[in-house]
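[1] Attaching a predicted model along with its sequence, questions to come.
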Amino acid sequence: MNTKQNTNNAEIKNNDWSKREIGALWKKDGPTQKYLSGYLTVDEFGTKTKVNVVVFANKNKSKDTAPDFRVYLSKEAAKPATSEVQTSAPQKTSKVQKTEVLEETEEVL
């Protein structure tokens, strides 16, 4: 009976942690330093987006209040996003940068 109770408690804890998880990081060995690489899931108005990040130790830490680590968008994530947009021909789609799409939308309005 005690084993069954411990199993149920572990399942409850695992469910709680899985509901709170917002990403994952992996240790990597770079040419000059070790770092973390992974993703964070960002919830913007009910739409979840996966953002790739890298984390480096703060080598320029000058005082105790400075952060120990810095989080950056990974190079792949920092590139301008592309999306498929319907062109004037109903069967064709082309990839354009989102900024171009926004400009075209503003002209129509």
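    Yes, it's here.
[2] can you pull the contacts of the spatially closest residue to K61 that is not a sequence neighbour?
    Leaving out its chain neighbours, the residue that sits closest to K61 by CB to CB, 6 or more residues apart in numbering is D68, at 6.8 Å. In this view, the C-beta of every residue, glycine as well, is placed from N, C-alpha and C. By CB atoms under 8 Å, 6 or more residues apart in numbering, the residues touching D68 are 57-58, 61.
[3] just these now: which is nearest T32?
    Ranked by distance to T32 (CB to CB), the contacts of D68 are led by A57 at 11.3 Å.
[4] Please report how far the closest one lies from P67.
    Distance, A57 to P67, using CB to CB, to the nearest Å: 10 Å.
[5] who's more crowded, the two?
    A57 (14 against 9; other CB atoms under 10 Å).
[6] pLDDT below threshold where in this structure?
    Within the chain, the ranges that satisfy pLDDT under 70 run 1-13, 77-109.
[7] Now do the domain split for it, please.
    Following automatic domain parsing, one gets these domains for the chain: 22-78, 80-109.
[8] Next one: the residue nearest to K61 from D16, what distance?
    Separation of D68 from D16 (CB to CB): 27 Å.
[9] Just confirm N52 contacts L73, I think it does.
    Yes: contact criterion CB atoms under 8 Å: N52 and L73 qualify, at 7.0 Å.
[10] Have a look at those two and say which one is more surrounded.
    Ranked by neighbour count (other CB under 10 Å), N52 and L73 place N52 first, with 16 against 13.
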